[in-house]
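Student: got a predicted structure here, sequence first:
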Amino acid sequence: MFKHFCAGVAVLMILTACGGGGSDAGTTGAGSPIITARDAGRGWVAVASSQDGSRLVAAVMGGQLYTSTDSGATWTVRESVRNWRAVASSADGSKLVAAVNTGQIYTSVDYGVSWTPRDSARPWNSVASSSDGSKLLGAVVGGLLYSSVDSGANWSGVAGTGTYWMSVASSTDGSKLVAADPGGTTLGSGLGGYLYTSTDSGASWFSRDSLRYWTAVASSSDGSKLVAAMWGGNIYTSTDSGITWTARESARNWLTVASSADGSRLVAAESLGNLYASDDSGVTWTVLDGTARNWQQIASSSDGSKLVAVVQGGYIYTISR
């Protein structure tokens, strides 16, 4: 159960914005970083990466799932047309989990070739996986957090009735978890919500920091270093598994964040704006891509050298740095 829980205000949330992601297919940047547009313009909403960045999975809202085995150079269409909302991957990319908004969760144990429907139809919004793919966490908008300890075969609600979960992240062993609540269904309105952390695989949860419009979270492999983004505010980092937080960078409409395994290399995207990167655990930030796009989600390899980001109504972008 939650401890020190405070509920937010409920209004209509815009979870994915429509709009163009640009038509500049190709590679930009002669040096580092190298940013390359991949595949085609689609309604991309989510992406996940294996530890080495070679195996990727991406989701299209109102479309299909796509997998890559060559760091995003080529993509293979998977599964059926659904309102896919979130994806997560095991460290080796063999075990995948994908969630459908107002549908079921689907799991794969063969790198995305075949998929099995799990649990019930719910408004799923985010998923996270342990490195071996055995421990999973799923978030439902206006509902519970759900966990699985058997690679998705069975799910149980662990906390958060009525909370507007936007993002979840996990340590590699699945013991340390973090979840973001924007406090309502419209970003930037109402009182905002809290960050929540668990150090016992979701058995108990603690509310952290203050009421803000939290949109995204990411975790280092051991769960000690966390990064959280908020709408209309700063990026926040923690070095003590979420007990205390420090405001970083400038106030922007931050939408997604990703972290390397050691938590030193971070990347964040502002809605309809730029990509930013940090190589010192969030203390300083520089523009990684200065072209404004409708970024939806970013994933990182364990060393932070390979990034993959998706644009709603645009391309998949792979970034080497």
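Tutor: Sure, I can see it. Keep in mind that this is a model prediction, so the values were computed, not measured.

Student: would you agree Ala261 is in contact with Lys225?
Tutor: No. Using C-beta atoms under 8 Å as the test, Ala261 is too far from Lys225 to be in contact (9.7 Å). Heads up, the C-betas are built off the backbone N, CA and C, glycines and all.

Student: who's more crowded, those two?
Tutor: Lys225 (24 against 20; other C-beta atoms under 10 Å).

Student: look at the more buried one and report its pLDDT.
Tutor: Predicted confidence (pLDDT) for Lys225: 98.

Student: who's in contact with it?
Tutor: Shown in contact with Lys225 (C-beta atoms under 8 Å, 6 or more residues apart in numbering): Ser219, Thr237, Ser238, Thr239, Ser259, Asp262, Gly263, Ser264, Ser281.

Student: and it, its phi and psi?
Tutor: phi -100, psi 120 (degrees, to the nearest 10).

Student: lowest average confidence, helix or strand, in this structure?
Tutor: strand 2-3 (a mean of 42; mean pLDDT, DSSP states H and E).

Student: where are the low-confidence patches of the stretch 1-150 of the chain?
Tutor: For the stretch 1-150 of the chain, applying pLDDT under 70 flags the ranges 1-31.

Student: just the helices in this structure please.
Tutor: For the chain, applying DSSP state H gives no helices.

Student: quick one on the thing from earlier: can you put the contacts of Lys225 in CSV and add pLDDT?
Tutor: Output for the contacts of Lys225, formatted as CSV (pLDDT from 0 to 100):
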residue, pLDDT
Ser219, 98
Thr237, 98
Ser238, 98
Thr239, 98
Ser259, 98
Asp262, 98
Gly263, 98
Ser264, 98
Ser281, 98
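
Student: buried subset of these?
Tutor: With neighbours counted using 16 or more other C-beta atoms under 10 Å, these contain these buried positions: Ser219, Thr237, Ser238, Thr239, Ser259, Gly263, Ser264, Ser281.

Student: list the contacts of the residue nearest to the second one when sequence neighbours are not counted.
Tutor: With C-beta to C-beta, 6 or more residues apart in numbering as the criterion, Thr237 has its nearest non-adjacent residue at 3.9 Å, and that residue is Gly282. Counting by C-beta under 8 Å, 6+ apart, Gly282 touches Val227, Ile235, Thr237, Thr246, Arg248, Glu249, Leu266.

Student: how close does Gly282 get to Ser120?
Tutor: 37 Å (C-beta to C-beta, to the nearest Å).

Student: again with Ser204
Tutor: Distance from Ser204 to Ser120, by C-beta to C-beta: 24 Å.
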